[in-house]
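>>> Everything below, folded, please.
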Amino acid sequence: PYTSEHAKQKVISICEKLAQYNGNTELFIVPFTEIQEQIIKNCANDYTITLMRRFMMRITEKLAENESAGAIINGESLGQVASQTLESITVTNDTVRLPVFRPLIGLDKLDIINIAVNIDTYEISIQPYEDCCTVFVPKNPVIKPKITFAEKEEAKLDVDSLIANAVNNTEKQTIEAAF
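Residues are numbered from 1 along each chain as shown. Purely as a prediction, here's the structure:
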């Protein structure tokens, strides 16, 4: 309820562009609102993004296992935002066993923008529709989180139930490659 249908369509449009390079693509739309609300209600505000990302990694791993995928690939680039500091990546990585590949890890923002322009996703990506993280971004997010503190905050939540509910209610769409 915190993001519009336009935000969802933005993601679908980007996947349609990427399918031109990847072939048919499976898109998983995860209901994340309950998790966000529980984190906001029960946990330290400065750890909001860190905790959300830890949940996202766990959910991604479950979905990957369900699809028999052997790894997680994401678009993190070291140091671009508070959630992508070395400490933040370490804290989020701590939640999964699968290897996590980050092909953009060493690129700077301008390099990533140039790639997005070249593959025709940039104009879509800058559409002003908020995603689940921007809606709940804290005023002062932690930039050097600690695993022990994140675990202490997560102990205030029913992590397994929240993850199971999100995974069980995930919408899966096949995006056809249009060559």
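>>> CA atoms for contacts and neighbours, from now on please.
Noted.
>>> so where do the strands sit in the chain?
For the chain, strands defined by DSSP state E occupy the ranges 25-29, 72-73, 100-101, 171-175.
>>> in its sheet, what does the third one sit against?
When pairs are called by DSSP bridges, strand 100-101 turns out to pair with strand 72-73 (parallel).
>>> Show me the residue sitting in the middle of the protein in space.
M56 (5.5 Å; CA atoms, centre = their mean).
>>> follow-up on the earlier one: got the strands of the chain as a markdown table, with mean neighbour count and distance to L63 columns?
Below are these laid out as a markdown table (neighbours: other CA atoms under 10 Å; distance: least, CA to CA, whole Å):
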| stretch | mean neighbour count | distance to L63 |
| --- | --- | --- |
| strand 25-29 | 16 | 8 |
| strand 72-73 | 14 | 10 |
| strand 100-101 | 14 | 14 |
| strand 171-175 | 14 | 10 |
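>>> Distance of the residue nearest to the centre of the chain relative to Q36?
Applying CA to CA, to the nearest Å, the value for M56 to Q36 is 11 Å.
>>> what do you get for A44?
12 Å.
>>> which of these two has more neighbours?
Neighbour count, other CA atoms under 10 Å: between A44 and Q36, Q36 has more, with 19 against 15.
>>> my read: the more buried one touches M52, true?
Yes - taking CA atoms under 8 Å as the definition, Q36 is a contact partner of M52 at 6.9 Å.
>>> Kindly reformat the strands of the chain as a markdown table containing mean pLDDT and distance to E123.
Shown next, in a markdown table, are those (pLDDT from 0 to 100; distance: least, CA to CA, whole Å):
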| stretch | mean pLDDT | distance to E123 |
| --- | --- | --- |
| strand 25-29 | 95 | 20 |
| strand 72-73 | 96 | 23 |
| strand 100-101 | 97 | 25 |
| strand 171-175 | 96 | 19 |
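>>> Could you work out which of those strands reaches nearest to T85?
In terms of CA to CA, the element of the strands of the chain nearest to T85 is strand 100-101, at 15.4 Å.
>>> now the closest one, how far from the chain's geometric center?
Counting by CA atoms, centre = their mean, to the nearest Å, strand 100-101 is centred 13 Å from the centre of its parent chain.
>>> Kindly report the same for stretch 41-52.
Distance, stretch centre to chain centre, for stretch 41-52: 15 Å (CA atoms, centre = their mean).
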